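[1] Sequence first, then the predicted structure:
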2 protein chains.
Amino acid sequence: MTTIKDVALEAGVSIASVSRVLNDPNYGSVEMRMKVTAAAKKLGYQPNKIARSMVMGRTNIIALVIPDIRNQFFTSVARGVEDVASKYEYRVMLCNTDENSIRQRQYIDTFRSKIVDGFIIAVASDRDHDLDKVDRETLPFVFIDRVCEGVSADAIVVDNRNGAYKAVSHLLELGHRRIGLIAGKSDTLTGRERLRGYEEAYRAAGITVDQALVVDGNFTIEGGYEATKALLELGERPTAIFAANNSMTIGCLRALTEAQVRIPEDMSVIGFDDSEWAEFFVPPLTVVRQPTYSMGTLAAEILFQRLTGTAPPEWQEVVLKPELVIRASCGPVRW
Amino acid sequence: MTTIKDVALEAGVSIASVSRVLNDPNYGSVEMRMKVTAAAKKLGYQPNKIARSMVMGRTNIIALVIPDIRNQFFTSVARGVEDVASKYEYRVMLCNTDENSIRQRQYIDTFRSKIVDGFIIAVASDRDHDLDKVDRETLPFVFIDRVCEGVSADAIVVDNRNGAYKAVSHLLELGHRRIGLIAGKSDTLTGRERLRGYEEAYRAAGITVDQALVVDGNFTIEGGYEATKALLELGERPTAIFAANNSMTIGCLRALTEAQVRIPEDMSVIGFDDSEWAEFFVPPLTVVRQPTYSMGTLAAEILFQRLTGTAPPEWQEVVLKPELVIRASCGPVRW
DNA sequence: CTGAAAGCGCTAACAG
DNA sequence: CTGTTAGCGCTTTCAG
């Protein structure tokens, strides 16, 4: 490894001068600048950022922690984060926890040891309280999508209850009375809120929810698949299904296809989260769309406000509205 | 920030003892161990890994550089990498270049400054020669999926030519003679090899390729969409389309759906890369499947061999075979 | 304008 | 078994 010392030696100047020239292209006499840059180039010198970080106290890296890298929702958020990080000359370290609290803790511990300057996180479970330990002064973070109740920090979330409410109300208006809900993880706020939105829509319509219609799908493809099969085996089948996230929608569609249930003739379907295939699916899927990319950019902007000390003292919580995108997977109920 | 010094002070021992106890739970007298751990706990001490990395010369982080985080192919690879990294007590930093050479260079420069111990990369373009500069001794890396010609390193690739050959031969056997190819980026080996496989299949069948049937899709959804529209506008339409990756397949299907072209009655379709939605798509998609997860684990294992010095001196190139998964999107040609 | 030297927080000889 | 001390490579006072 060639270090600043080697460059200084080669250039015949002090390491201080090398450091200065490298960090400020206008520093010093033209002559010395030339010598330094020539030496650096000749030796193929690459400054050691670890050493730099050590003295500077920052790494110019932020982390984005997501629970499921296969879910387009999170990858789309990631692109938003990356774009603003890039603007601030930061790199983003993407960490996938796979909904695993152990892995999440490992990452957070890594962060606490100053490897990143801050992070954005969609927690695996809101029962995890690893975040309590992080000192927000030296390591700011912002919640995205899912928050931990009781842990205060900046947050960018979507009004999940409202999204679910809109979806279920839409179905109700089409005359459906037996709407299956493939529910998300009950240990996440998003999972619980979408369930509440479902219940509220029923309540607003003055109809009682049949609890048999609410099946756990755990936010996974497999969960959605199994949940749908369970729903189909019910004595009295639902006429519509609302899947509370992207992955479960995929599982649901797979089960429906296998069982040769026609959409929307035999079953109306609404998914939470839009995605690239939802639009060209036959029939095109009606979904609740979240502003994923914006969530990413907003979260990153707030994080950089903290990093640069330009953020207001109080925590900011921005709640975005989801949107119902009506396509062709829901029809009127058939008696 | 509480440092090792504070802990030493609190515990009434030297910093060396603190360091030792923290790194070796069996070190020293029971009494001192107790004092140290108690002090550390009381102060909420978290070792500064940057400082540690500085003296150790490693960070216990590897990076995985991918060109498109929205592409399931790469996210699946990522999960393979993560699983083995986890086994070795390493964290993985996922870096998305968005097929952008500038971003890729920024990441590589970051790596060269010792922020990671090694990396796995699917290059944005094989014309990028940033990798020439990295010193494989101090910063090993392994190519995955795409390699740079002329840059020698370990590599895990798929026999792309063979995959494309199988797909096109399948179509040829079904009687298709006019097979549209939505080709990938010509500045990547995968893009070129899939094109060659297409041509070879034609040649093997003794048929001349109509160059009008080969349209560039740039590996993106939009590219696939536009390419398909171009193909549909041809005086003499193809009867089948082979899309050379995941994203372009999505774009292709969207264009076909819009134009109300029925699959497989009016158009047979084969995609390169399997994905979660391909199976439940109506009709289920015939695809060339790559062993994504294994590619990730293999690449990571080789990287760790390098990191631990247990790798053979010569570069390893493992070539995996893709598999043709026949489902229902291809039918016999209709005259 | 430039160099010497003090540290950033930690590990690892080297002594005792 | 434990403490002292010398760095790791870099930035940044502080002098000259």
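    Looks like it came in fine.

[2] All the helices of the stretch 1-150 of chain A, in order from the start?
    A:4-11, A:15-23, A:30-43, A:49-56, A:72-87, A:101-110 (DSSP state H, counting those that start in this stretch).

[3] how many other residues sit next to the residue of the stretch 201-335 of chain A found nearest DNA strand C?
    Per Cβ to the nearest atom of the strand, residue A:307 is where the stretch 201-335 of chain A lies closest to DNA strand C, at 18.0 Å. Backbone N, C-alpha and C define where each C-beta goes, glycine included. Using other Cβ atoms under 10 Å in any protein chain shown, the number of residues around residue A:307 comes to 17.

[4] ok so, going back, which one of the helices of the stretch 1-150 of chain A lies nearest to residue A:278?
    With Cβ to Cβ as the measure, helix A:72-87 is the member of the helices of the stretch 1-150 of chain A nearest residue A:278 (9.4 Å).

[5] Tell me the buried residues in the closest one?
    Buried residues in helix A:72-87, counted by 16 or more other Cβ atoms under 10 Å in any protein chain shown: A:72-82, A:84-86.

[6] May I see those residues arranged in CSV, with pLDDT as well?
    Below are the buried residues of helix A:72-87 laid out as CSV (pLDDT from 0 to 100):
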residue, pLDDT
A:72, 91
A:73, 94
A:74, 95
A:75, 94
A:76, 95
A:77, 96
A:78, 96
A:79, 95
A:80, 96
A:81, 97
A:82, 95
A:84, 96
A:85, 95
A:86, 92
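
[7] Closest to DNA strand C out of these?
    Using Cβ to the nearest atom of the strand, the buried residues of helix A:72-87 come closest to DNA strand C at residue A:85, 24.8 Å.

[8] Quick one: residues contacting the nearest residue to the closest one once chain neighbours are set aside.
    Spatial nearest neighbour of residue A:85, excluding adjacent residues (Cβ to Cβ, 6 or more residues apart in numbering or on different chains): residue A:92 at 4.7 Å. For residue A:92, the contacting residues are A:61, A:62, A:63, A:64, A:78, A:81, A:82, A:85, B:95, by Cβ atoms under 8 Å, 6 or more residues apart in numbering or on different chains.

[9] And the third one, how far from residue A:301?
    If I follow you right, that is residue A:63. Using Cβ to Cβ, to the nearest Å, residue A:63 is found at 16 Å from residue A:301.

[10] which parts of the stretch 1-150 of chain A sit against chain B?
    A:1, A:44, A:46-54, A:59, A:61, A:69-70, A:72, A:75-76, A:78-79, A:82, A:86, A:91-96, A:98, A:103, A:106-107, A:109-110, A:112-115, A:133, A:138 (Cβ under 8 Å from any Cβ of the partner chain).

[11] For chain A, what lies in contact range of DNA strand D?
    A:1, A:3-5, A:15-16, A:19-20, A:22-23, A:47-48, A:51-52, A:54-56 (Cβ under 7 Å from any atom of the strand).

[12] Next, count neighbours for residue A:61.
    21.

[13] Just give me the residue closest to the centre of chain A.
    Compute the mean C-alpha point of chain A, and by Cα atoms, centre = their mean the closest residue is residue A:74, 4.0 Å away.

[14] Contacts only, for that one.
    Contacts of residue A:74 (Cβ under 8 Å, 6+ apart): A:66, A:67, A:68, A:122, A:145.

[15] Please indicate which of the residues of chain A next to DNA strand D are buried?
    Buried among the residues of chain A next to DNA strand D (16+ other Cβ under 10 Å): A:3, A:4, A:19, A:20, A:22, A:47, A:48, A:51, A:52, A:54.

[16] The third one touches residue A:5, doesn't it?
    Read it as residue A:19. No: counting by Cβ atoms under 8 Å, residue A:19 sits too far from residue A:5 to count as a contact (10.8 Å).

[17] Looking at chain A, which residue is nearest DNA strand C?
    Counting by Cβ to the nearest atom of the strand, chain A gets nearest DNA strand C through residue A:28, at 2.5 Å.

[18] contacting residues for that residue?
    A:17, A:20, A:21.

[19] Kindly state the pLDDT recorded for it?
    Residue A:28 carries a pLDDT value of 81.

[20] any idea how far residue A:13 is from it?
    In terms of Cβ to Cβ, residue A:28 sits 9 Å off from residue A:13.

[21] Need the overlap of contacts for these two.
    Common neighbours of residue A:28 and residue A:13 (Cβ under 8 Å, 6+ apart) do not exist.

[22] I'd say residue A:67 and residue A:121 touch.
    No: using Cβ under 8 Å, residue A:67 is not in contact with residue A:121, being 9.3 Å away.

[23] Neighbour count for those two, which is higher?
    Each of residue A:67 and residue A:121 has its neighbours counted (other Cβ under 10 Å); residue A:121 has more, 28 against 25.

[24] From residue A:39, how far off is the closest residue to the more buried one other than its chain neighbours?
    Closest residue to residue A:121 apart from its sequence neighbours, by Cβ to Cβ, 6+ apart: residue A:65 at 4.1 Å. Distance, residue A:65 to residue A:39, by Cβ to Cβ: 41 Å.

[25] so what's residue A:187 scoring on pLDDT?
    pLDDT at residue A:187 comes out at 90.

[26] how deep is it tucked in, by neighbour count?
    Neighbours of residue A:187 using other Cβ under 10 Å come to 16.

[27] so it is in which element?
    Under the criterion DSSP states H and E, no helix or strand holds residue A:187.

[28] which residue sits closest to it, ignoring its sequence neighbours?
    Residue A:187's closest residue in space is residue A:125 (Cβ to Cβ, 6+ apart), at 4.3 Å.

[29] so who does the one you found touch?
    A:99, A:101, A:185, A:187, A:188.

[30] In contact with the last one, which residues are there?
    Contact partners of residue A:188, counting by Cβ under 8 Å, 6+ apart, are A:123, A:125, A:126, A:146, A:219.

[31] So residue A:281 is in contact with residue B:281, correct?
    Yes: with contact defined as Cβ under 8 Å, residue A:281 counts as touching residue B:281 (7.2 Å).

[32] For residue A:302, which residues are in contact?
    With the criterion set at Cβ under 8 Å, 6+ apart, residue A:302 makes contact with A:142, A:154, A:156, A:311, A:316.

[33] let's see 7 Å
    By Cβ atoms under 7 Å, 6 or more residues apart in numbering or on different chains, residue A:302 lies in contact with A:142, A:154, A:311, A:316.

[34] got it, and residue A:129?
    Here residue A:129 is in contact with A:148, A:151 (Cβ under 7 Å, 6+ apart).

[35] Nearest to DNA strand D: which residue in chain A?
    Taking Cβ to the nearest atom of the strand, chain A has residue A:4 as its residue nearest DNA strand D, at 2.8 Å.

[36] any idea where the strands of the stretch 151-300 of chain A begin and end?
    A:154-158, A:179-183, A:214-216, A:240-243, A:268-272, A:286-289 (DSSP state E, counting those that start in this stretch).
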